[in-house]
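J.: Coordinates for the following, if possible.
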Amino acid sequence: MTAGPPHEVSSLEELQQLAELVDVVYYEVSGRRTDGFDTSETFDGTEGEAEGPAGDDHADIRLMQRMEGNRLAVRTRALVVTSEGRLVADVAALFRTPEPVRIPAAIAKRFAAVIATPVTRPYLREAIHQSAVKLGIAAPLLPVLDLEDIGLLPPAPARTPS
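T.: Predicted coordinates for the structure are as follows:
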């Protein structure tokens, strides 16, 4: 007996009903202080990673997703660089559907932003915070999710200058 083609998900609501959160996985949690030593060279004499100019504090947050059969993984990775250190957290929310499904790109992207990111975000924030505490550096605060950006709130009306 051969299985037919996977069911195609038709809406975010359908995917939300089908997808069950089964695990949250850490792929990386790391931190490094940058004070007191020249970080451009490693212990073995090779070149280290470039951190950008001193005082160039920034956070880079990336979202990745992968669907295989009946498993959907949505990863959120944050790299936070401050004048005191470099912190990385990479966390995935793993979902399972009852049977293999085909998810259109627009629905998968929306699911990642609206459903999965709010699941991974607290784990990401906690990992960044704990790494900073363990290193004895100021714990950076990751920005909260912008509910307008992910479509949970309508855009604010544009203000006209008075």
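J.: how close does the residue nearest to residue 79 when sequence neighbours are not counted get to residue 128?
T.: Closest residue in space to residue 79, ignoring its immediate chain neighbours: residue 60 at 4.6 Å, by C-beta to C-beta, 6 or more residues apart in numbering. For the C-beta atoms, the positions are set from N, CA and C on the backbone; glycine is no exception. Distance from residue 60 to residue 128, counting by C-beta to C-beta, to the nearest Å: 12 Å.
J.: Now do the shared contacts for these two.
T.: Residues touching both residue 60 and residue 128 (C-beta atoms under 8 Å, 6 or more residues apart in numbering) are 78, 80.
J.: More neighbours: these two, which one.
T.: residue 128 (23 against 10; other C-beta atoms under 10 Å).
J.: Which strands and helices lie in contact with the helix or strand encompassing the more buried one?
T.: Using DSSP states H and E, the element containing residue 128 is helix 117-135. Helix 117-135 sits against strand 20-33, strand 71-81, strand 85-96, with contacts defined as 3 or more C-beta pairs under 8 Å, 6 or more residues apart in numbering; DSSP states H and E.
J.: What's opposite the residue most central in space within the chain in the beta bridge?
T.: Most central in the chain under C-alpha atoms, centre = their mean is residue 76, positioned 1.5 Å from the mean C-alpha point. With DSSP bridges as the criterion, residue 76 is bridged to residue 63, residue 91.
J.: Does it touch residue 125 like I think?
T.: No. In this structure residue 76 lies outside contact range of residue 125 using C-beta atoms under 8 Å: 10.2 Å.
J.: what residues are shared contacts of the two?
T.: With C-beta under 8 Å, 6+ apart, residue 76 and residue 125 have no common neighbours.
J.: Could you list the low-pLDDT ranges of the chain?
T.: The chain contains residues with pLDDT under 70 at 1-3, 36-55, 144-162.
J.: can you tell which of the helices and strands packed on helix 117-135 is closest to residue 107?
T.: Residue 107 sits nearest to strand 71-81 of all the helices and strands packed on helix 117-135, at 11.0 Å, using C-beta to C-beta.
J.: Phi first, then psi, for residue 103.
T.: The phi and psi torsions at residue 103 (degrees, to the nearest 10) take the values phi -120, psi 120.
J.: I'd assumed residue 67 was in contact with it.
T.: Yes. Residue 103 is in contact with residue 67 according to C-beta under 8 Å; the separation is 5.8 Å.
J.: List the buried residues of the helix holding residue 128.
T.: By neighbour count on 16 or more other C-beta atoms under 10 Å, the buried set for helix 117-135 is 117, 119-121, 123-125, 127-129, 131-132, 135.
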